[in-house]
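Peer 1: got a structure for you, letters missing:
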Ligand SMILES: *Cc1c(COP(=O)(O)O)cnc(C)c1O
């Protein structure tokens, strides 16, 4: 069996893989079927376009390109340089940033680079506590952040579920952090970046916005931008933004060189040029009026779905959403988050559990980015909420009925092959 495809074969064709390695081809096809047969409600997921996937599967994946355009440690980088220059130009234009580093391999790598650029081990950092919605990179003891820095957590108000800015200010004055991190994996509301900026200025701290979730809404004008306020903005490219799995760092001109050095050579090696080309494609897509419409639809659909879930009895954190993201306690329906996730998954409704700041056990977290990409609209959101309640009944007949309805829905709105 040949190890590489003969030159006359189409390199993007899954048939090549099927002939050479049927075992892994079956796995990939199984995953395609899974994505097509169930509803992808994980708030961090989306369906990248065929153009983004084409760039990801391109021979640029074979190129080594340590360094930056015009200053590489390898020969033959003319096309790699072109891809990265286009990606950087599109990112800075899209977000109105002075500088963009598009090499960060992931959202976590982007945050690591921001810390590396601005902090020393042992520095104090103020960030949202993990049980209130902070990310692992915001001080988890299981993560480099918790091991190398002294994190002080802030939280959300017990009554409203909203960020307690008074508490953030009081903690900042008391602990004098070197940096304040604003951003969350599960906060469904807009953050007030201006207030965070004022607090950071008062205590002489850097402001790092970890906008991994809302950055796609920012691109489409459907959420406020942290770029005018934060010293450094960290983001992912694969969530609402609908690009390849990866990270990005935005900053002002004065921090550009420090951020670039923090990404390479301090925390990463060679850039993943195929991913950077795919990021460029996604930034191009996100600059279109069609994408702006999409971003606003994502939010509208989340509002409709949130209201419908509330009507079904779910206790929504903060009472609703401003974004693509919904968090809720299913306890009023007699189940906790873990049981809910399992029962919903059995019925083809795929989502996450999340921490509940003041609740018992865990809640559920979901988002509307992927189903909106599929073309679903407000009527489908209302229908999905009703399916949730049916699926939670733990009745095999109901589960089978919901599964069939999910298949009918995804059949009408297929994620691939449009
Ligand atoms: C998703 C996310 C990350 C991490 O992104 P990865 O690409 O999974 O490393 C970091 N911070 C926040 C707030 C996130 O939501």
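Peer 2: Yep, it's here. Everything numeric in this text was worked out from a predicted model, so none of it was measured. Numbers count the residues shown, from 1 in each chain.
Peer 1: any idea how far residue 312 is from the closest residue to the ligand within the stretch 301-418 of the chain?
Peer 2: For the stretch 301-418 of the chain and the ligand, the shortest gap (C-beta to the nearest ligand atom) falls at residue 325, measuring 9.5 Å. Glycine gets a C-beta too; all of them are placed from N, C-alpha and C. Using C-beta to C-beta, to the nearest Å, residue 325 is found at 18 Å from residue 312.
Peer 1: For those two, indicate the residue with more neighbours.
Peer 2: Remark: of residue 325 and residue 312, residue 325 carries more neighbours, 30 against 18, as counted by other C-beta atoms under 10 Å.
Peer 1: Show the average pLDDT along stretch 109-118.
Peer 2: In this model, stretch 109-118 has a mean pLDDT of 98.
Peer 1: hmm, who's touching it?
Peer 2: The contact list for stretch 109-118, computed with C-beta atoms under 8 Å, 6 or more residues apart in numbering, reads 101, 104, 125, 135, 137-138, 144-145, 148-149, 178-179, 206, 208, 210, 212, 231-232, 234-236, 247-249, 255, 258-259, 261-263, 266-268.
Peer 1: and that stretch, which residues are buried?
Peer 2: For stretch 109-118, burial by neighbour count (16 or more other C-beta atoms under 10 Å) applies to 109, 110, 111, 112, 113, 114, 115, 116, 117, 118.
Peer 1: so when I look at the second one, I'm seeing a helix, right?
Peer 2: Yes. Counting by DSSP: H, G, I helix; E, B strand; the rest coil, residue 110 is found in a helix.
Peer 1: how about the residues of the stretch 1-150 of the chain near the ligand?
Peer 2: Contact residues, the stretch 1-150 of the chain versus the ligand (C-beta under 6 Å from any ligand atom): 44, 106, 107, 108, 111, 135, 137.
Peer 1: Skip the chain neighbours and tell me the closest residue to the last one.
Peer 2: On the basis of C-beta to C-beta, 6 or more residues apart in numbering, the spatially nearest residue to residue 137 that is not a chain neighbour turns out to be residue 111, at 4.1 Å.
Peer 1: Wait, a strand at residue 153?
Peer 2: Yes. Counting by three-state DSSP, residue 153 is found in a strand.
Peer 1: Output the below-cut-off pLDDT ranges for this structure.
Peer 2: Filtered on pLDDT under 70, the chain yields the residue ranges 1-13, 417-418.
Peer 1: can you give me the strands for the stretch 151-300 of the chain?
Peer 2: Assigned by DSSP state E, counting those that start in this stretch, the strands in the stretch 151-300 of the chain fall at 179-182, 206-210, 232-236, 247-251.
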